[in-house]
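Student: here is a sequence together with a model predicted from it:
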Amino acid sequence: MMTAQAAQRAVQLRAEIERHNHQYYVLDAPLIPDAEYDQLFRELQALETSYPELVTPDSPTRRVGGRPLEGFAPVRHVVPMLSIRTETDISDAGALAFDARVRRELGKPEAVIEYACELKFDGLALNLRYERGVLVQAATRGDGETGEDVTQNVRTIRQIPLRLAGCEAEVLEVRGEVYMSRADFGRYNDRQREHGLPTLVNPRNGAAGSIRQLDPALAARRPLSFYAYGLGEVRGWALPESHSAVLDALAAFGLPVCGERAVVQGAPGLVDFHRRVAEKRDSLPFDIDGVVYKVNSLALQQELGFVTREPRWAVAHKFPAEEQLTVVRDIDIQVGRTGKLTPVAKLEPVFVGGTTVSNATLHNEDETRRKDVRIGDTVIVRRAGDVIPEVVGVVLENPSTSLRYAQGERERGEPFDLYARLGGKCPVCGSHITREEGEADWRCTGGLVCAAQRKQAILHFAGRRAMDIEGLGDKLVEQLVDSGIVHSLPDLYRLDAATLAGLDRMAERSAQNIVDALQKSRHAKLARFIFALGIRNVGETTAKDLARHFGTLGKVRDADVERLQQVPDVGPVVAASVYEFFREPHNIEVIDDLLNPARCGLVLEEGDGVGSEGLPLYGKTFVLTGTLASMSRDEAKSHLEALGAKVAGSVSKNTDFVVAGAEAGSKLDKAQQLGVPVLDENGLMEILGRSKEW
DNA sequence: TGGCCTCGAGTTCA
DNA sequence: CTCGAGGCCA
């Protein structure tokens, strides 16, 4: 790069970074995720390293953060609050590189260095000043030299002691991070939503925003936590020899210190810590960016010193970002089994949370409008603890494009309007679409005329929990419906191997497998068949309830709304769904066809409609969690149900037993919380075995 | 009527 | 897994 170009780029980057600093630190309204900001910052750093003549005294790299907010008194830090360098390589190599650097700087290439390892919190750094053990002042980092006096707000954080236990030091400044736990964040937002008040975007913004609340009464309502991780100015207190001993001392004074820390030896210890924390990351009660490594010996820390504003003896080693920026290429609209129209954002593929994400649901029109996602927008995508990616929100300025369009607002697409986009018609069948008063969803009115709904209905029918027709997946159904071979459910049972073998990715062998699977499914339990029909509001459990109560399909079909409501857990809504389903001539036609021995030849396993009162586990509710060694969860479920037990999906005080297999999750915790008896696999086998003898 | 508990339905990627 | 809503009970 030519010097002139480099100079121009540096000016651009500085302006950009300053603006984001202002957004982030002063306005608490970041426009871009941290990873993106870090990247801009690193680019400027790199540029200034290559061209030292470009460095200006007011460059953002010369300071650590933003600037004090008007309204809070400025506080000059006696000992500057430095930032910590981030290792660029997020793989294990990052840890090795840091250790190698430390040994080289110390001139001891062979030494095994002792490190203190901690978590890197996603929050806001604070300096707490204690004089003779009393909290006299709390300040934010600000620009590192001067922060803001937020003592009033910090006093409202219960975890922060106003007086230290057994510390009479003339001055002891404690540094740490204010954060919001995930649970507190969720609870806070739930409450805000209930009252129709604005919610917080993420816990980090919550923490930063609360501390900077000018009204301490408002700040006090935000549930904040704090962890101490270091020291500022110290007078009249003999420093221990190591960082870990400092933290122990702070904990003894009554300050919260995070328990997830370790003292390790050399690079292997760092790698090990990084891995262990990465595994735990999702189950921690708070968000973290990564981990921090610090040379443990304070003497060695001093020897290593600083490069400009960053200590040589510490680095942050981050994890893959859970949030990333990407561009919405298009908004597709999918048609579900019930005709529900779901907008889906087609994204420029982006690596986030360990996998590449290219689709994200926008749920419905209101949700899309609330987030104001439009085609062409840059959005923040998150893939946190759970697996499913979500669009967190729109970024109104993309740093890479705003450099180009620095002067004006970027052109945006139209606000999302589902009806207008579809011209009022289902994208698959062209039937008109409706949205009932008070409903969130638009629906296609085409019913089974709509190919999309037919495909979904067939897939549902073939599903594992329904008729369990192995091999009949979405690709095959797609082909069968599109080619016109299968129009409705009975057509499935008229398929032969020769027809199937003509299809894409279908040879004789696979074709025969499908035919066999269909043959096997001709004999089905009533409950599965009812579920397979796909009646609105009738899922697996309700289908079982109906089958058990009525015993035969004929009785279910002929039942009036009143009779239907006598089934446990069936109220007016479900009863109406069932009743109307069996009044629809097309549905009756399909069912008759399926059960006609001369046509499809399905045979239902029907009963006489007695309850299961006589069974040994009648009236007991089980919840299964974790993985069992000897059988699948579904098998365990059907065994239990065969004995009259009810198997529910979540634990409550009505649960009689929780069966915990290997790697049981939150359900086990909940069981312990509620004092519900927990069985291991042996316990389950014992119950199943014993009950069989009865 | 309000506050649980459940159930139903929709969702992503390897 | 999570959200929304149906159903039940106090």
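Tutor: Received it, and whenever you're ready, just let me know what you need. Numbers count the residues shown, from 1 in each chain, chains lettered A, B, ... in the order given.
Student: so what's the nearest residue to A:W237 once chain neighbours are set aside up against?
Tutor: Nearest non-adjacent residue to A:W237, counting by Cβ to Cβ, 6 or more residues apart in numbering: A:A169, 3.6 Å away. Backbone N, C-alpha and C define where each C-beta goes, glycine included. By Cβ atoms under 8 Å, 6 or more residues apart in numbering, the contact set of A:A169 is A:Y130, A:R132, A:G133, A:V234, A:R235, A:G236, A:W237.
Student: can you give me phi and psi for A:A169?
Tutor: Main-chain torsions, A:A169, degrees, to the nearest 10: phi -50, psi 140.
Student: quick check, pLDDT for it.
Tutor: Per-residue pLDDT puts A:A169 at 92.
Student: now it: how far from A:L126?
Tutor: Remark: distance between A:A169 and A:L126 (Cβ to Cβ, to the nearest Å) = 18 Å.
Student: quick one, phi/psi of the closest residue to DNA strand C within the stretch 451-600 of chain A?
Tutor: The nearest approach of the stretch 451-600 of chain A to DNA strand C comes at A:G571, 2.5 Å away (Cβ to the nearest atom of the strand). When read as degrees, to the nearest 10, the backbone of A:G571 gives phi -110, psi -160.
Student: go through chain A and flag its longest helix.
Tutor: If you go by DSSP state H, chain A has its longest helix at helix A:3-21.
Student: so what does the next helix or strand after it touch, helix or strand wise?
Tutor: Going down the chain from helix A:3-21, the next helix or strand is helix A:34-50, by DSSP states H and E. Using 3 or more Cβ pairs under 8 Å, 6 or more residues apart in numbering; DSSP states H and E, the elements in contact with helix A:34-50 are helix A:3-21, strand A:323-335.
Student: mind listing what A:C426 touches?
Tutor: Contact partners of A:C426, counting by Cβ under 8 Å, 6+ apart, are A:V335, A:G339, A:L341, A:H432, A:I433, A:C444, A:T445, A:G446, A:C450, A:A452.
Student: show me these that map onto helices.
Tutor: Those of the contacts of A:C426 lying in helices (DSSP H): A:A452.
Student: now what about the strand or helix carrying A:L247, what contacts it?
Tutor: According to DSSP H and E, A:L247 maps onto helix A:243-252. Contact with helix A:243-252 is made by A:116, A:165-166, A:174, A:228-231, A:239-240, A:257, A:261, A:263, A:294-298, A:301, as judged by Cβ under 8 Å, 6+ apart.
Student: among the residues you listed, which ones are buried?
Tutor: Neighbour counting with 16 or more other Cβ atoms under 10 Å marks A:116, A:174, A:228-231, A:257, A:261, A:263, A:294-298, A:301 as buried within these.
Student: what ranges do the strands span in the stretch 301-450 of chain A?
Tutor: A:306-307, A:310-311, A:314-318, A:323-335, A:341-352, A:355-361, A:378-382, A:390-395, A:433-434, A:443-444 (DSSP state E, counting those that start in this stretch).
Student: quick one: closest of those to A:L459.
Tutor: Among the strands of the stretch 301-450 of chain A, strand A:323-335 comes nearest to A:L459, with 12.6 Å by Cβ to Cβ.
Student: so what strands line up beside that closest one?
Tutor: If you go by DSSP bridges, strand A:323-335 pairs up with strand A:341-352 (antiparallel), strand A:378-382 (antiparallel).
Student: make CSV out of these and add mean pLDDT.
Tutor: Output for those, formatted as CSV (pLDDT from 0 to 100):
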stretch, mean pLDDT
strand A:341-352, 86
strand A:378-382, 83
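Student: any figure for the gap between A:W237 and A:V603?
Tutor: According to Cβ to Cβ, A:W237 stands 84 Å off from A:V603.
Student: tell me which of those two has more neighbours.
Tutor: A:W237 (15 against 10; other Cβ atoms under 10 Å).
Student: so the more buried one, which state does it fall into?
Tutor: What DSSP: H, G, I helix; E, B strand; the rest coil gives for A:W237 is coil.
Student: and whichever residue of chain A sits closest to DNA strand B, how many neighbours?
Tutor: Chain A approaches DNA strand B most closely through A:G539 (2.4 Å), counting by Cβ to the nearest atom of the strand. The local packing of A:G539 (other Cβ under 10 Å) involves 12 other residues.
Student: ok, A:A46 next?
Tutor: Neighbours around A:A46, by other Cβ under 10 Å: 10.
Student: same question for A:G683.
Tutor: Neighbours of A:G683 under the rule other Cβ under 10 Å: 14.
Student: got the phi and psi for it?
Tutor: The phi and psi values for A:G683, taken as degrees, to the nearest 10, are phi -60, psi -40.
Student: circling back to that earlier point, drop anything exposed from the contacts of A:C426.
Tutor: A:V335, A:G339, A:L341, A:I433, A:C444, A:G446, A:C450, A:A452.
Student: which two of these have the greatest separation?
Tutor: Distance extremes for the buried ones among the contacts of A:C426: the farthest pair is A:I433 and A:A452 at 12.2 Å, using Cβ to Cβ.
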